[in-house]
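>>> For reference, the sequence and a predicted model appear below.
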Amino acid sequence: MESSGGWDNLVKSAGISYYGIALDSEVDKDVKEGISVLFTLRNVLAHGTALIQPTVKMTDDMKDVYPYSWQSKLHGVGMYLERHFNRGGMFENLADPDLPEHFIDVTKKYFEQLTPKFTPLPERAQKTVDMIRGYSFGFVNNTR
């Protein structure tokens, strides 16, 4: 899955071919955007991609150059983070102490909106979703 589009391919193409509809078709646009930003950040960290804050946009004639797509994705990430944290820059927004809780809340909303479509979930999947729903910050959390 990763080599053929990763997350976007899973929820769109693979979901449509298996279920006949995009997996996240019932999920709000804002929640989808938050999950997309979270996965872009995950990919940056997991694959060692440089996290840059461009000051000059690459021109359209450079669309075939590898950094073009990353610059476009990271621009979207930067806009999302600025809209939610308003700290004045990508790195300042990533340093906001509320960022982790924001993304766990987005994840909870995603599963809240996605789960009814696939109910009943297999036992292991339901346990994972329940653990995500029960996750919180600020105190010891019993996860078993």
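Yes, it's here.

>>> could you give the mean pLDDT of the strand or helix carrying D8?
D8 belongs to helix 6-9 when elements are defined using DSSP states H and E. For helix 6-9, mean pLDDT rounds to 72.

>>> go on, stretch 130-143?
77.

>>> same thing with stretch 78-88?
Stretch 78-88 comes out at a mean pLDDT of 96.

>>> same deal with stretch 102-116?
If you average the pLDDT over stretch 102-116, you get 95.

>>> Please name the residues that touch Y68.
For Y68, the contacting residues are M58, M62, by C-beta atoms under 8 Å, 6 or more residues apart in numbering. The C-beta positions use only the backbone N, C-alpha and C, and glycine is treated the same way.

>>> Check what pLDDT it gets.
Confidence at Y68, expressed as pLDDT, is 77.

>>> Check which helix or strand it maps to.
Using DSSP H and E, Y68 maps to helix 66-85.

>>> Grab the CA positions of the helix holding D8 and hand them over as PDB.
Provided in PDB are the C-alpha atoms of helix 6-9 (Å, rounded to 0.1, in the frame of the first residue of the first chain):
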ATOM      1  CA  GLY A   6      -0.200   5.000   1.000                       C
ATOM      2  CA  TRP A   7      -3.000   6.600   3.000                       C
ATOM      3  CA  ASP A   8      -4.700   8.500   0.200                       C
ATOM      4  CA  ASN A   9      -4.800   5.300  -1.900                       C
END
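
>>> next SSE after it?
Moving toward the C-terminus from helix 6-9, the next helix or strand (DSSP H and E) is helix 15-19.

>>> hang on, D28 packs against Q113?
Yes. With contact defined as C-beta atoms under 8 Å, D28 counts as touching Q113 (6.5 Å).

>>> neighbour-wise, which of these two wins?
Neighbour tally, D28 and Q113, criterion other C-beta atoms under 10 Å: the higher count belongs to Q113, 15 against 12.
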